[in-house]
Structure formats: C-alpha cells, structure tokens
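Mind folding the following:
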Amino acid sequence: HNAVTHVTPAELKIEAAPRPVFAYAWQLIDDGNGDGLVQRGEHYRLQVQIKNTGAGPTQEATVLLRNATGDGVVLDKSRAELKDPLAPGQIKEIEFPLATDAALRGDELVVELMAYDSALDVQASDKLHFKLSPVVPSQPRSGDVTAKAQATIRAGASEEASGVRFAAKGASYPAIGTYG
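Here you go, the predicted structure:
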C-alpha cells in the first residue's frame, strides 16, 4: 500500500515512416477512327503511368477511374489494385478501356483519375476533361512526310488538340493518313 514510487522521466521521439506520394501521366488512345479526337460512338484506352515520387513504398495501392460525365460513357475497367508494393521511384503502367455512345450529352467527356493507398491514407486525384470534336475526314496514306519548318505535333487532328512535341525542320515521319 504505502510503497515508495520512483518516477523516472523518459523522452520519446516518434517519427512517421516514409510515405509514398503519387504522381501520374496519362494518354488517351483513339481506337476508333484514329483522328485522336473524342467523338460519340468510339472506343478509347486511357494509358496511365503511376509513379511513386515519395520516400516510402506503397502498401495497399489502388488506381480508380470514375465516370464524371454521366450517361454516354462506358468504362470497361474502372479499378486496378497494385498487387506488389510500388517502391520509391518505381512506375506502374495501367490501361483503362472506355467508350462513348449516342447518349453522351454536352461538349466534353470527363473522368476522374484517383490513386490512393488505403493503408497509409495517401491519395492524389484529378479530373481529366476531353472536348468532344466533330469527325475529321480522313484518307489513308503511306510513305513519309517531312517538316518544311518546325511544326507542332498534336495529340489529334485539330489545331485545338494539345501539342505533344515539336518536329524540327527536315524531320521525317511515316504517314498513316491525311486528315482535314
């Protein structure tokens, strides 16, 4: 009952384990008419590269694609669970097939891309917007095409499509078709 108690102060220092940080890059591949533009009634593949830019590995990482447009967009796959941990600096490639149909209203296709680790409560997300475009007439072509001046190579057959790189004057590329 009346025992003497000795209290010895102790100092604890707690550090969080290194955590992953998600970064990603994506590209929408046109599996329909090949013009690189989004139109009703076409099939696409959203190619996603997920990179762990953090200091620690993932534990239970998942990548989700959510339809934020409504009717007219069909996701053939909307979830990819990463079976193995994603180490710092490591990249994993994932593909999400999707399609549009006649029920698509409005002037854009919108999907939300999310990467998260449920065990570590880490996430990154972004809404991807793709403007609907009219069909661009095309003709198959073969041979090479050479840039007469520096030119912007675009993601689709439209001046409004995003630029993906530049072609230097004199650069040659194989031609697959003529658009417009």
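
quick one: contacts for the closest residue to residue 39 other than its chain neighbours?
Take residue 39 and drop its neighbours on the chain: the residue closest to it by C-beta to C-beta, 6 or more residues apart in numbering is residue 135, 5.8 Å away. C-beta coordinates here come from the backbone N, C-alpha and C atoms, glycine included. If you count contacts by C-beta atoms under 8 Å, 6 or more residues apart in numbering, residue 135 has them with 33, 35, 39.

Give me the residues contacting the lowest-mean-pLDDT helix or strand in the chain.
When the helices and strands of the chain are scored by mean pLDDT, DSSP states H and E, strand 177-179 comes last with a mean of 85. Strand 177-179 is contacted by residues 34, 35, 136, 137, 138, 139, 140, 141, 157 when judged by C-beta under 8 Å, 6+ apart.

List the buried residues for it?
residue 179 (16 or more other C-beta atoms under 10 Å).

neighbouring strands for it, and are they parallel or not?
Sheet pairing of strand 177-179 (DSSP bridges) gives strand 138-140 (antiparallel).

now the next helix or strand after the strand it pairs with, how far from the chain's geometric center?
Sequence-wise, the next helix or strand downstream of strand 138-140 (DSSP states H and E) is strand 144-146. Here strand 144-146 shows a centroid-to-chain-centroid distance of 30 Å under the convention C-alpha atoms, centre = their mean, to the nearest Å.

packing partners for the helix or strand just after strand 144-146?
Per DSSP H and E, the first helix or strand lying C-terminal to strand 144-146 is strand 151-154. Contacts defined by 3 or more C-beta pairs under 8 Å, 6 or more residues apart in numbering; DSSP states H and E place strand 151-154 against strand 163-167.
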